[in-house]
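Pasting the sequence and the predicted model now:
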Amino acid sequence: MLELIFQELSINYDSKAGSLKALFQDMERLLAERNLVLYGIKIDDKEIFDDYIQHLEEEVGRYSTIKPMVATRKEIRDNLLLSTEQYLMRANPALKQMSSQFYREPSEDTWTLFQQWSEGFEWIQRMLENITISCHLPIGWDQCKQTFFETHPFLVDLEQAMEHGDWTLVGDILTHEILPRYESLHFQISMIIDQEVVRDDLN
């Protein structure tokens, strides 16, 4: 017997591959009816966040309970805001440290920090995109996007300075152009959270 536990509901199915189609249909119906977003599935005691349909099909008959992990679109948005704020809280001091190192000959540690910053830049961009396509845009969101996208032209300058080995210019761009915008973004997102997010419910 296979059991779908969707919030307070419990639906039972035969433990056969053909039953998965009915289970998926019920999940989609409940998500639509309750205006919820699926972000993962708990299969027995194992949490799956990617390719869950493939996992269910491959492991059919080896599990007994499926519990969809769901949230409202606003809850998803709020968690993205909190994650971005927490990231910037850690990243900005590291960016300041990295910037100062470029005024000297960059070391192996400098390049490690730069790689982490580059990956973080892409992560912030994805978070902003995900929040932008949500159905609950926060007040002042356009200003947040504008602040972040103001850093983009300086990436070209940064690349050119690195190609020429002009480490002082690299330090200047990071210190005077990118870091202030990161700090502004952190402030703007924190203001949005203070106005629209109940921190205690989401931390």
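Now that the structure is in, tell me what you want to look at.

and the most centrally placed residue in the chain, what is it in contact with?
With distances taken as CA atoms, centre = their mean, the residue of the chain nearest its centroid is Met127 (4.7 Å). Counting by CB atoms under 8 Å, 6 or more residues apart in numbering, Met127 makes contact with Leu80, Ser83, Thr84. All C-beta spots, glycine's among them, are computed from the backbone N, C-alpha and C.

which residues does the second one contact?
Yep, that's Ser83 we're talking about. Neighbours of Ser83 in contact, by CB under 8 Å, 6+ apart: Met127.

Likewise for Leu4?
The neighbourhood of Leu4, defined by CB under 8 Å, 6+ apart, consists of Ser10, Ile11, Asn12, Tyr13, Leu23, Asp26, Met27, Thr65, Ile66, Lys67, Pro68.

List the beta-bridge partners for the residue nearest to the second one when sequence neighbours are not counted.
Excluding the flanking residues, the one nearest Ile11 by CB to CB, 6 or more residues apart in numbering is Leu4, at 4.5 Å. Using DSSP bridges, the beta-bridge partners of Leu4 come out as Ile11, Ile66.

ok, now how distant is Leu4 from Ile43?
11 Å (CB to CB, to the nearest Å).

Next, show the common contact partners of those two.
Thr65, Ile66, Lys67.

For the first one, the count of nearby residues, please.
Counted with other CB atoms under 10 Å, the burial measure for Thr65 works out to 14 neighbours.

Without its sequence neighbours, what residue ends up closest to it?
Nearest residue to Thr65, sequence neighbours excluded (CB to CB, 6+ apart): Glu3, at 4.8 Å.

Point out where this structure drops to low pLDDT.
Along the chain, the model assigns pLDDT under 70 to residues 15-17, 200-203.

80 instead, please
For the chain, applying pLDDT under 80 flags the ranges 15-18, 60-61, 134-136, 198-203.

where do the strands sit along it?
Here the chain has its strands, by DSSP state E, at 2-6, 9-13, 36-43, 46-48, 65-72.

Which one, of those strands, ends up nearest to Arg104?
Set against Arg104 and scored by CB to CB, the strands of the chain come closest in strand 36-43, at 43.9 Å.

Parallel or antiparallel, which strands does that closest one pair with?
According to DSSP bridges, strand 36-43 forms sheet pairs with strand 46-48 (antiparallel), strand 65-72 (antiparallel).

So what's the residue count around the residue nearest to Thr65?
Residues near Glu3, counting by other CB under 10 Å: 15.

Quick check: the gap between the closest residue to Leu31 other than its chain neighbours and Ser134.
Leaving out its chain neighbours, the residue that sits closest to Leu31 by CB to CB, 6+ apart is Leu38, at 5.9 Å. Using CB to CB, Leu38 is found at 15 Å from Ser134.

swap in Val156?
Val156 is 30 Å from Ser134, by CB to CB.

Looking at those two, which one has more neighbours?
More neighbours surround Ser134 than the other of Val156 and Ser134, with 16 against 9 (other CB under 10 Å).

Does the more buried one touch Glu75 like I think?
No - in this structure, Ser134 is not within contact of Glu75 by CB atoms under 8 Å, at 10.3 Å.

Find the nearest non-adjacent residue to Tyr52, please.
Closest to Tyr52 by CB to CB, 6+ apart is Ile41, at 4.5 Å.
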